[in-house]
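Undergrad: what follows is a predicted protein model with its sequence.
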Amino acid sequence: MTRHKICMFLIKLVMAGVIMFTTFEVALALMCRMGRLDISKPSYRFGNVNSRFWIETNPDFGVWHGPNSSYRHITPSYDVFYKANSYGARDKERSKESNGKKRVIVVGDSFTEGYGVEDGKRFTDLLESRSGIEHLNFGTAGSFGPTQYYLLYKTLARQFEHDAVMVCILPFNDFLDDDYEYGKIAYSTHYRPFFTGQYPDYKLTYSMKDPPRERSKFLESFLREFTFTGNFIKRVKGLARHHQASMKKGYAGYYDYTKEQWLRLNYVLGQIRREAAGKEVIVVTIPAISDLERLQTDPASTLPVDLASFCIAENMIYLDLLPGIRSAPEGYRACYYKLDPHWNALGSRLAADYILKNVKWYQNTTGSAQGTNSVTSAISILPQKP
C-alpha cells in the first residue's frame, strides 16, 4: 500500500469517526430534550472544567466542597448554580459563634445539600426563614453516607456553636453507602470511610490509605462540560458499578436493608448522639420514589417504627417524612423531578412544612403553637398500607 493510499485511508477513518461521534452526540442531545435520558447536560463553561465543588480531599470524611468553589449544574430537569462558603459548605457564610442565636447543624447527602434546588428554596433555607432559627447546611452529594455524616459533624460542623443537630437519613442509599462490601465495588475508585467489623465492635476503615492527590482531570471534565457523550459515559460507568455490586432492581431502602446494615446505622446515630452531648438531635428519614412505589404493593415498612423506638431509647427526636410527601395534594410524584431521582422545590417545601408542623422542638423553641408532634407521637403518623 502506497503512502498516498495510507493517508487517504486514515483521513476516511477520521472522517467516519467524526461522523459517528457527531451522530451519537446529536442523538443524545435529542433524547435529553425529549425527556428520555437522565444525564447531566454540558454547561459549555470552562469554569466548570476545573471546578473543585465536589472533591475527595478531606482526610476524615472524603468528598467535600472546596472553599469558595462553585459549579453550574445543568440537566434536562434543572439549571442551578452552586456556591460553597469559606469552609466548604453550600451555605451562606457563617461565623463559628452563634452570637446568641438559635442554630441547627444539618447533615445529610444530596437531598440535604439541595441537589437541583436553588438557594432559598431548599428545605433548610425554608426552615430558617420560617422559624427564625439558623440552619447551617452541611449536606453534600457524592454518595455521602451516615458514617461520613458523623465524621463531618465531629471534625468540622461541631466547631460552630449550635443548639441542635438534624441528621437526614436517605434509606434509598444510606444503608448501601455505609456497607463496606458493597462499597468495595460500587465506590472502588473513591476515598471514603467505613465502619467495619461486628456490632458494636467496629473499627474505622478507609477505602484508600490517603485521599487521592488533586490531580488534573482536564480531559474527562472537558468532555463532560462540552459534550453529551462525556456525561453519558459517566452515567453508564456508575450504573455498571452499582449493578456489579448487586444493587437489585427496584431497590427500596425502607424495605431492603439487612440486619447488619441496620445495626451499623444504630451505631453511627449513637456516635452522633454522644458527640452532640447536651444538644437536641433530630433524626429525619427521607423517602425516595422507590420507597413510595413499594408502599403501593407491600405492607408499610417497619423501619420508621424501629427508628422511632431507637430514638426514644437514645433520647433523640425522630420524624419520618414519607407521610408528608405521600400526601402531597398533587401526588407524591410531583415532589420529584421527572428524570432526576431528587426532590424538587415542591418536595423541599413540603418537607419543611412537615418538619415545622410535626417536630415539637420547633414550637418549644420559637413559642409557636403550631404542631403537636414529638418523638413519641411520631409513631402515630407512620405510613399505613393504602
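TA: Received it, and whenever you're ready, just let me know what you need.
Undergrad: wait, doesn't Trp262 sit right on Asp306?
TA: Yes - counting by C-beta atoms under 8 Å, Asp306 is a contact partner of Trp262 at 7.4 Å. Every residue, glycine included, has its C-beta placed from N, CA and C.
Undergrad: of those two, who's got more company?
TA: The neighbour count for Trp262 versus Asp306, taken as other C-beta atoms under 10 Å, is higher for Trp262 (16 against 13).
Undergrad: what sits against the more buried one?
TA: 175, 306 (C-beta atoms under 8 Å, 6 or more residues apart in numbering).
Undergrad: how about a cut-off of 10 Å?
TA: Each residue near Trp262 by C-beta atoms under 10 Å, 6 or more residues apart in numbering is listed here: 175, 199, 303, 306-307, 310.
Undergrad: what number of residues are in the vicinity of Leu156?
TA: 19.
Undergrad: phi, psi of it?
TA: In terms of degrees, to the nearest 10, the main-chain angles of Leu156 are phi -130, psi -60.
Undergrad: for it, give its distance to Arg130.
TA: Plainly put, Leu156 is 26 Å away from Arg130 if you go by C-beta to C-beta, to the nearest Å.
Undergrad: show me which residues of the helix or strand of the chain with the lowest mean pLDDT are buried.
TA: In the chain, no helix or strand scores lower on mean pLDDT, DSSP states H and E than helix 228-244, which sits at a mean of 80. Within helix 228-244, the residues scored as buried using 16 or more other C-beta atoms under 10 Å are 228-232, 242.
Undergrad: go on, stretch 34-44?
TA: Across stretch 34-44, burial judged by 16+ other C-beta under 10 Å covers 37-43.
Undergrad: what residue is smack in the middle of this protein?
TA: Centroid-nearest residue in the chain: Ser110, 2.2 Å away (criterion: C-alpha atoms, centre = their mean).
Undergrad: which residue packs closest to it, ignoring adjacent ones?
TA: Among residues not flanking Ser110 along the chain, Ala141 sits closest, at 3.6 Å (C-beta to C-beta, 6 or more residues apart in numbering).
Undergrad: and that neighbour, what does it touch?
TA: Shown in contact with Ala141 (C-beta under 10 Å, 6+ apart): 53-54, 63, 65, 73, 82, 90, 109-116, 342.
Undergrad: ok, Arg241 next?
TA: Taking C-beta under 10 Å, 6+ apart as the criterion, Arg241 is in contact with 185-189, 247.
Undergrad: mind doing that once more with 6 Å?
TA: Contacts for Arg241 were tallied using C-beta atoms under 6 Å, 6 or more residues apart in numbering; they are Ala186.
Undergrad: sorry, back to before: helix/strand/coil for the residue nearest to Ser110?
TA: In three-state terms, and counting by DSSP: H, G, I helix; E, B strand; the rest coil, Ala141 is coil.
Undergrad: longest helix of the chain?
TA: Ranked by number of residues, the top helix in the chain under DSSP state H is helix 3-33.
Undergrad: can you spell out which helices and strands pack onto that helix?
TA: In terms of contacts (3 or more C-beta pairs under 6 Å, 6 or more residues apart in numbering; DSSP states H and E), helix 3-33 is packed against helix 228-244.
Undergrad: okay, the angle between the helix it packs on and helix 3-33?
TA: 70 degrees (axes from the mean of the first three to the mean of the last three C-alpha atoms, to 10 degrees).
Undergrad: before we move on, the earlier item: the residue nearest to Ser110 and Asp320: what is the separation?
TA: Distance of Ala141 to Asp320, computed by C-beta to C-beta: 22 Å.
Undergrad: that'll do, ta.
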